[in-house]
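Asker: structure of the sequence below:
(chains A and B)
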Amino acid sequence: MTFFDRIKNIDRRIIFLFIALSVIIPLLLNITFKEEAGPIVKNVFDKIESLPAGSRILLSLDYGPSTVPEIQPMVNALVRHSNEKDLKIFFMCLWATGQNLTTTTVDSVQIKEFPDKVYGIDYVNLGYKAGNEGLINVLITDMKKMYTTDVFGTYIDDIELMKPVRNLTSFDLIIGLGGGTPGIKEWILFAGDPGNIPVAGGCTAVQAPLLYPYWPNQLLGLLGGIKGAAEYESELIKNYPKYKDKSQPGINMMGPQAIAHIVIMLFIIIGNITFFIERSREKKAGMG
Amino acid sequence: MHDLWTWFGAFLTLAILSFLYKDNVFYKFSEHLFVGVSAAYWMVVGIWGTLFPNLIAKIYPEAVRFVLPSLADREPEYHYIFAAALGILLLMRLSSKIGWISRWPLAFIVGTTAGLNLVRFLRSDFIGQVQNTMIPLIVIKDGSFSFLDSFSNVVIFIGVFCGLIYFFFSKEHKGVFGVASRIGIWVLMVTFGAGFGYTVMARISLLVGRMQFLLGDWLGLISR
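Answerer: A predicted model of the protein is given here:
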């Protein structure tokens, strides 16, 4: 058996092993690369930066545990940035799994890093409601029809922050952080376009190519996958250097990401070379 | 206790990853556990987050006094009985004899969803996307010609135009039309390639996330 025959019939588990090593080694060596925010990410950052203190921002956490590694770094960075700008944060979710992750975010970032912010005055957790795009369709006309209580069961009008809110047009910015459907697309279709409300998003890398066509007219900006999260983190650090010493999960993940991509590209190149060599051999054999 | 859950999480992670070697009992156990826990979680969140505050509390507020006291003294909204009736009818599909009744609420759901989506998709995905493609091919920025923006707009225009031609089957793809169609398929290939690249990035991110958990939270070899 020649070298190329061996490559052609390589056990897929060997490829898995290479991919695993390409992720584990950079993690152990803490390999990172410099990140620079592109215009599509910077647009989101600049929008939040331009909002005056007290503006209302709706963060819809529409994802589940399976996409936490990609979406959570974005959520953490956006919550930190919104608090730095003294924005009023409204957490909600279109996914049931998002409710638990919202609580985790509130506990680990909002309360832990911004203890002076008061629940019900500076931020509120509205939790999950069933209905997908139908829910958004109701929220754009009357928010309190669906959200009669917050996640703790407090009556909605007893919450100071909710008193001036009528519907989605009461928000200065909506950010959908999604791992699928319903997600950012539904926020554009059912809230952004009909209500003329600025909508931005953070999504898994799989979804990003499907959402780029909405930028910049229908979608203010997009954090696509972990690369988008890393770019946002870099912009946050550039403007608020105190976050340099904090955990930067997005930036930390881009090292192994880059090495793994190189390994995959090498496998694709080797696979193609093997294919062409085999084809040329078959042609020669056919001629003979 | 925290350590115990970390160890359990590590066990489940390794059990799922073991499928890469071959199917085994640990993988099957983790898979079944995941399906069961997910189903129960969605049901519980649905009951306490939506069914109680948005249906039961609306029809009969007194019934939720012990779970949602803030809603117990509100005025009842009896028109929600219609929604409750549709919900109950949907459950009729559990019966083989009267299961056909569940088609009525299902028809209501399909009808309203289709109606809602038709309007929104027409506005945002059709008209909105056509508007997004009607862009100037020569961009003048601050009084001077912007090469990058113009090039970007030309690429979008050619990409959309040739992509549409590729899907136009009423004329044979020959001559100039054939060239445009060929460019269209190249544009599609580039799009698929970008989609594949992003999918790889997404999957590697998940792997990195799990490895960070195993190497950091579990084994303590890296700081997070």
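
Asker: can you list the low-confidence ranges for chain B?
Answerer: Confidence mapping of chain B against pLDDT under 70 gives the ranges B:1-2.

Asker: find the closest residue to chain A in it.
Answerer: When scored by C-beta to the nearest C-beta, chain B has B:Gly209 as its residue closest to chain A, at 2.6 Å. For every residue, glycine as well, the C-beta is placed using N, CA and C.

Asker: did I read that right, A:Val151 in a helix?
Answerer: No - using DSSP: H, G, I helix; E, B strand; the rest coil, the assignment for A:Val151 is coil, not a helix.

Asker: tell me which residues touch B:Phe19, please.
Answerer: Shown in contact with B:Phe19 (C-beta atoms under 8 Å, 6 or more residues apart in numbering or on different chains): B:Tyr27.

Asker: same check on B:Leu90?
Answerer: Residues in contact with B:Leu90 (C-beta under 8 Å, 6+ apart) are B:Ser102, B:Pro105, B:Leu106.

Asker: related to what we said a few turns ago, my guess is the residue of chain B closest to chain A contacts A:Ser66. True?
Answerer: No - in this structure, B:Gly209 is not within contact of A:Ser66 by C-beta atoms under 8 Å, at 9.6 Å.

Asker: between those two, tell me which one has more neighbours.
Answerer: Legend: neighbour count by other C-beta atoms under 10 Å in any protein chain shown for B:Gly209 and A:Ser66, higher for B:Gly209 (21 against 15).

Asker: which one in chain B is furthest away from the centre?
Answerer: B:Gly143 (43.0 Å; C-alpha atoms, centre = their mean).

Asker: for that one, what are phi and psi?
Answerer: Per-residue torsions, B:Gly143: phi 80, psi 0 (degrees, to the nearest 10).

Asker: so where does the residue of chain B closest to chain A fall, helix or strand?
Answerer: Using DSSP states H and E, B:Gly209 maps to helix B:175-212.

Asker: mind jotting down where the helices sit in the chain?
Answerer: I went with chain A, as the question did not name one. A:3-8, A:12-29, A:39-50, A:68-84, A:96-105, A:112-113, A:132-139, A:143-146, A:184-187, A:193-195, A:208-211, A:225-239, A:249-287 (DSSP state H).

Asker: actually, chain B is the one I wanted.
Answerer: Ranges of helices in chain B, per DSSP H, are B:2-17, B:25-46, B:57-59, B:80-90, B:103-121, B:128-133, B:147-166, B:175-212.

Asker: coming back round to it: what angle separates the helix holding B:Gly209 from helix B:147-166?
Answerer: Angle of helix B:175-212 versus helix B:147-166, following axes from the mean of the first three to the mean of the last three C-alpha atoms, to 10 degrees, is 110 degrees.

Asker: for helix B:175-212, packing partners?
Answerer: Packing partners of helix B:175-212 (3 or more C-beta pairs under 8 Å, 6 or more residues apart in numbering or on different chains; DSSP states H and E): helix A:12-29, helix A:68-84, helix A:208-211, helix A:225-239, helix A:249-287, helix B:147-166.

Asker: which one of those helices lies nearest to A:Tyr155?
Answerer: helix A:68-84 (25.3 Å; C-beta to C-beta).

Asker: residues in contact with the closest residue to chain B within chain A?
Answerer: Nearest to chain B in chain A, going by C-beta to the nearest C-beta, is A:Pro69, at a distance of 2.6 Å. If a contact means C-beta under 8 Å, 6+ apart, then A:Pro69 has A:Ile226, A:Pro249, A:Met253, B:Ser205, B:Leu206, B:Val208, B:Gly209, B:Arg210, B:Gln212 as its contacts.

Asker: quick one, which of the helices of chain B is packed in tightest?
Answerer: Neighbour counts (mean count of other C-beta atoms under 10 Å in any protein chain shown) averaged over each of those peak at helix B:57-59, with a mean of 21.

Asker: who's in contact with it?
Answerer: Counting by C-beta under 8 Å, 6+ apart, helix B:57-59 makes contact with A:148, B:63-64, B:68, B:71-72, B:74, B:76-78, B:80-81, B:84, all of which sit outside it.

Asker: again, only this time at 7 Å
Answerer: A:Thr148, B:Val64, B:Leu68, B:Leu71, B:Pro76, B:Glu77, B:Tyr78, B:Tyr80, B:Ile81, B:Ala84 (C-beta atoms under 7 Å, 6 or more residues apart in numbering or on different chains).

Asker: excluding residues flanking it in the chain, which one is nearest the residue of chain B closest to chain A?
Answerer: Nearest non-adjacent residue to B:Gly209, counting by C-beta to C-beta, 6 or more residues apart in numbering or on different chains: A:Pro69, 2.6 Å away.
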